[in-house]
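K.L.:
How does the following fold in three dimensions:
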Amino acid sequence: MLFYRPDCRHFTGEKPCAPHKAEGVVCLNCPRYDPIKKRILIIKLDAAGDVLRSTAILPAFRQNNPGCSIWWVTENGSKPLLEKNPYIDVLLGSDPALSGFLGATFFHEAYNFDMSRKAAAILHMANSPVKKGFGLSQEGVVVPLEAKDEEWFQMGIMDSFKRANQRTYQDHLFQLGGMKYSGEEPQLVLTEKEKQWAQDWSKKHKLGKYKKIIGFNIGSGGRWPMKRWRLDGFLWLAKQLHKKYPKNAILLYGGPEERQLMPELAKKLKNTAIATGTENTMRQFVSLVDLADVLVSGDTLAIHVGIALKKRLVAYFGPTSDAEIDLYGRGEKVLPSSPCQCYYQNQCTQKMSCMDNLRNEDMLAAVERQIKLI
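P.N.:
Model (predicted):
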């Protein structure tokens, strides 16, 4: 009889398993033995916000496949968003060892939810008799593998279909996974240590003296720079909120792309807002967003973090689809006074962009409504 059990959820063969370290148990007759009945591979590489919102499908996979082990492949930059997720047994980045993992390990089912050649190639490498989502054709292009995948595929290659869509991303995702969407939410878990780090940051900046905290995410990510709201809009909104609610704090959030913008805005606001910095790790960024009671953000990573953390939200949109974002009843969307004319373009082609038509007053009214709901 083997002295180890390679089919156990806790066993990796690299080091002592967690139950052994915690309780001293050994494989033979181990009370923590948890046999894996099915292995499922999920491929979702980027963007980070899409990776996070795709975690909504995990509880359904686990519920529909008792005893399954879920492996997830993502870009290394998105891995922090999936760390500590209780539904993911093995988290893999796109590193040189990936092909070895996927070729040697047997997966009962493999799903690729990304319409990229890289992701489709990873699916091709997977040792699985069942492959779903998006694969590679003999011509080396991305193709849908089943009829149910064609609707999302059309939206990915034709802006007219994207614009006409009225279904949420999660609704489409569940269709790709062969399941029915019933309002399942994204999964994002902070450790107690991370929560304490944020509380220490809060004490350092004396946030305890404020009644409520309003967060402004001023970034837009690198791919769609036109999603960012005007700097003067944030400036006006912060001043109005400070005037009406002087006992509330305003935090400014952003990433490396905002390393010049954030200090500029903070300087203009003087003592009205507190900058959280632009060089935080992704997990630190998430921990700081968790401090906010209301989060104001465009269609970028921060809004998906806010959704997963169950914050009150004011989400504004311009050149991207507002219909795809499910706020789960905890916020509202603010749209420009006139529709975007250059949908999903990297640069605006109009004299006045849709973000210029995002009214200051509409943003203020939305934030005030969310404040009252806390």
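K.L.:
Quick check: buried residues in stretch 289-305?
P.N.:
Across stretch 289-305, burial judged by 16 or more other C-beta atoms under 10 Å covers 289-305. For every residue, glycine as well, the C-beta is placed using N, CA and C.
K.L.:
Averaged pLDDT, it. What do you get?
P.N.:
Average pLDDT, stretch 289-305: 97.
K.L.:
Pull that stretch out as CSV, backbone CA atoms only.
P.N.:
Extracted C-alpha coordinates of stretch 289-305, given in CSV (Å, rounded to 0.1, in the frame of the first residue of the first chain):
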residue,chain,number,x,y,z
VAL,A,289,-10.1,50.1,-1.4
ASP,A,290,-11.7,48.1,1.4
LEU,A,291,-11.4,51.2,3.6
ALA,A,292,-14.0,53.1,1.5
ASP,A,293,-17.7,53.2,2.2
VAL,A,294,-18.5,54.5,-1.3
LEU,A,295,-16.3,54.0,-4.3
VAL,A,296,-16.4,56.3,-7.4
SER,A,297,-14.7,54.6,-10.4
GLY,A,298,-14.8,54.1,-14.1
ASP,A,299,-14.9,50.8,-15.9
THR,A,300,-11.5,49.5,-14.7
LEU,A,301,-10.0,47.2,-12.1
ALA,A,302,-11.1,49.3,-9.1
ILE,A,303,-14.8,48.9,-9.9
HIS,A,304,-14.5,45.1,-10.0
VAL,A,305,-12.6,45.2,-6.7
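K.L.:
list the contacts for residue 339?
P.N.:
residue 354 (C-beta atoms under 8 Å, 6 or more residues apart in numbering).
K.L.:
so of the buried residues of stretch 289-305, which ones are in strands?
P.N.:
294, 295, 296, 297 (DSSP state E).
K.L.:
how close does the closest residue to the third one other than its chain neighbours get to residue 358?
P.N.:
Nearest residue to residue 296, sequence neighbours excluded (C-beta to C-beta, 6 or more residues apart in numbering): residue 314, at 4.6 Å. With the distance defined as C-beta to C-beta, to the nearest Å, residue 314 ends up 11 Å from residue 358.
K.L.:
Which one of these two is surrounded by more residues?
P.N.:
Neighbour tally, residue 314 and residue 358, criterion other C-beta atoms under 10 Å: the higher count belongs to residue 314, 29 against 20.
K.L.:
mind putting the ones in strands among the buried residues of stretch 289-305 in JSON lines, distance to residue 325 included?
P.N.:
Output for those, formatted as JSON lines (distance: C-beta to C-beta, whole Å):
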{"residue": "294", "distance to residue 325": "16"}
{"residue": "295", "distance to residue 325": "13"}
{"residue": "296", "distance to residue 325": "14"}
{"residue": "297", "distance to residue 325": "10"}
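K.L.:
Tell me which two in the residues you listed are the farthest apart.
P.N.:
294 and 297 (10.3 Å; C-beta to C-beta).
K.L.:
Quick check: neighbours shared by the two?
P.N.:
Counting by C-beta under 8 Å, 6+ apart, the contacts common to residue 294 and residue 297 are 215, 313, 314.
K.L.:
Give me the sheet partners of the helix or strand hosting the first one and which way each runs.
P.N.:
This points to residue 215. Assigned by DSSP states H and E, residue 215 belongs to strand 213-217. Sheet pairing of strand 213-217 (DSSP bridges) gives strand 249-253 (parallel), strand 294-297 (parallel).
K.L.:
May I see these arranged in JSON lines, with distance to residue 27 as well?
P.N.:
As requested, those are arranged in JSON lines below (distance: least, C-beta to C-beta, whole Å):
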{"stretch": "strand 249-253", "distance to residue 27": "46"}
{"stretch": "strand 294-297", "distance to residue 27": "46"}
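K.L.:
I'd like to know which of those is closest to residue 151.
P.N.:
Using C-beta to C-beta as the measure, strand 294-297 is the one of these that comes nearest residue 151, at 27.6 Å.
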